[in-house]
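# Could you work out the structure for the sequence below:
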Amino acid sequence: MVPRGRLELPTHGFSDVASETLEKISTAPTVRHAVIGYAQGTPLRNEIEERDNAALELVTDRATELIVAKFGDGPISAKMRAHVVVA
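You can find the predicted model right below:
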């Protein structure tokens, strides 16, 4: 699979464009670790804080509670994919 933006790079002055898709397994020792990574370590954090600057810990706690209630606590593994483009 070729990342969509890679096809546009030469038209914007980039040359020698190469891309690679990396697939890995992400693991976290607990649900809370995964929720912190997602809610506090991605652009989702900006969305949460934009709505209520003081709500980050509350949202993290609540999401953790809901996921643990549905799936249990413990190690989590999931597939990850990244498209790396070098120009």
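# Can you get me a residue count around the closest residue to Val85 other than its chain neighbours?
Closest residue in space to Val85, ignoring its immediate chain neighbours: Ser19 at 4.6 Å, by Cβ to Cβ, 6 or more residues apart in numbering. Quick note: C-beta positions are derived from backbone N, CA and C, even for glycine. Using other Cβ atoms under 10 Å, the number of residues around Ser19 comes to 16.
# mind checking the SS state of Ser19?
When classified by DSSP: H, G, I helix; E, B strand; the rest coil, Ser19 comes out as strand.
# gap between it and Lys79?
19 Å (Cβ to Cβ, to the nearest Å).
# and if you look at Thr60?
Separation of Thr60 from Lys79 (Cβ to Cβ): 23 Å.
# With neighbour numbers in mind, choose between these two.
Thr60 (18 against 8).
# Please identify the helix or strand for that one.
Under the criterion of DSSP states H and E, Thr60 resides in helix 56-71.
# how about that helix as PDB, C-alpha atoms only?
This file holds the C-alpha atoms of helix 56-71, laid out as PDB (Å, rounded to 0.1, in the frame of the first residue of the first chain):
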ATOM      1  CA  LEU A  56      -7.800  15.100  31.300                       C
ATOM      2  CA  GLU A  57      -7.400  12.900  34.400                       C
ATOM      3  CA  LEU A  58     -11.100  12.500  34.800                       C
ATOM      4  CA  VAL A  59     -11.400  11.300  31.200                       C
ATOM      5  CA  THR A  60      -8.400   9.000  31.600                       C
ATOM      6  CA  ASP A  61      -9.900   7.500  34.800                       C
ATOM      7  CA  ARG A  62     -13.300   7.000  33.300                       C
ATOM      8  CA  ALA A  63     -12.100   5.400  30.100                       C
ATOM      9  CA  THR A  64      -9.900   3.100  32.100                       C
ATOM     10  CA  GLU A  65     -12.900   2.100  34.300                       C
ATOM     11  CA  LEU A  66     -15.200   1.400  31.300                       C
ATOM     12  CA  ILE A  67     -12.600  -0.700  29.400                       C
ATOM     13  CA  VAL A  68     -11.700  -2.700  32.500                       C
ATOM     14  CA  ALA A  69     -15.400  -3.300  33.300                       C
ATOM     15  CA  LYS A  70     -16.000  -4.700  29.700                       C
ATOM     16  CA  PHE A  71     -12.700  -6.500  29.000                       C
END
